[in-house]
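A.B. asks: Next come a sequence and a model predicted from it.
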Amino acid sequence: MPGLLFVYSDPGSAVSHEEFNDWYDNEHVPLRIPIPGFHSWSRWTAADDKRPTYAAFYDLTSPSVVSESPYADLAHTRSEREKDIIARLGLLDRRTYQLREPVFPPKAGAAYDPAKPGQYVSVVEIDVKPELEDDLNKWYEEEHIPLLAKVPGWVRSRRFVLVEAGASGSEATDAKPPKYLAIHEYADLEAFETPEFKECVETPWTKKTLENAVVFHRRLFKLMRTWERK
């Protein structure tokens, strides 16, 4: 089953954004491009004035890719520059997820290009009590995503289940991320102002689901850049 490496990051007070982004764009991500099992590479910046400021998504053949060589070897072959920056970061929060079926096709169908995702993503993390998980999944599959797919500007929605997580940095905590993750891609911010979107988030089932959520986090990010394997 395909997986996702999802990384929240923030330079904190000891690293400038310029230094952080130069390292991330020109050293950190490029080292991951040749790795078999990695299929897409993208970076995102907050569009909601919240922190962490940055996110990165890497599509994987399976979640196990991150525990195997050659990816696992990267932790032991870091440059002096990378060691120094990571030691000073505010947050580096790595999470591995497994893609959850059913997989809803993107609006463009087979023409969708992972190297050209929607310009904005809504990242939703949610936990519910175990006895309510079936209802949560039915809500997503039978109502929520089908309604989102009707929103002008919607590009793609995917859901994931947490496999493992670990965070480091001066702002890191021991809190475990929620079990379920949804990533919704949009072409523009106008999508959130449409009648179709407002209908989607105001249904009785939606309100009930959010009321039952033990944990609910929603973030909005704008695409910074993507990479392709040459």
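C.D. replies: Here it is on my side, so go on.
A.B. asks: Only C-alpha atoms from now on, for both contacts and neighbour counts.
C.D. replies: Fine.
A.B. asks: Pull the contacting residues for Phe6.
C.D. replies: With contact taken as Cα atoms under 8 Å, 6 or more residues apart in numbering, Phe6 is in contact with 55-58, 94-97.
A.B. asks: Among those residues, which pair sits farthest apart?
C.D. replies: Taking Cα to Cα, the two most distant members of these are Ala55 and Tyr97; they sit 14.6 Å apart.
A.B. asks: Secondary structure element for the most centrally placed residue in the chain, which one?
C.D. replies: Most central in the chain under Cα atoms, centre = their mean is Phe6, positioned 4.9 Å from the mean C-alpha point. Using DSSP states H and E, Phe6 sits in strand 3-10.
A.B. asks: what's the spacing between that strand and its chain's center?
C.D. replies: In terms of Cα atoms, centre = their mean, to the nearest Å, the centre of strand 3-10 is found 6 Å from the chain centre.
A.B. asks: average model confidence for that strand?
C.D. replies: Strand 3-10 comes out with an average pLDDT of 98.
A.B. asks: Go through the protein and flag its longest strand.
C.D. replies: Assignment by DSSP state E gives strand 154-168 as the longest strand of the chain.
A.B. asks: got the angle for that one vs strand 3-10?
C.D. replies: For strand 154-168 against strand 3-10, the angle by axes from the mean of the first three to the mean of the last three Cα atoms, to 10 degrees is 70 degrees.
A.B. asks: For strand 154-168, enumerate its sheet partners and note whether each is parallel or antiparallel.
C.D. replies: strand 91-99 (antiparallel), strand 180-186 (antiparallel) (DSSP bridges).
A.B. asks: For Val155, which of those strands is the nearest?
C.D. replies: Closest of the strands paired with strand 154-168 to Val155 is strand 180-186, at 5.1 Å (criterion: Cα to Cα).
A.B. asks: just the strands in this structure please.
C.D. replies: Counting by DSSP E, the strands of the chain are 3-10, 38-46, 54-60, 91-99, 120-127, 154-168, 180-186, 215-227.
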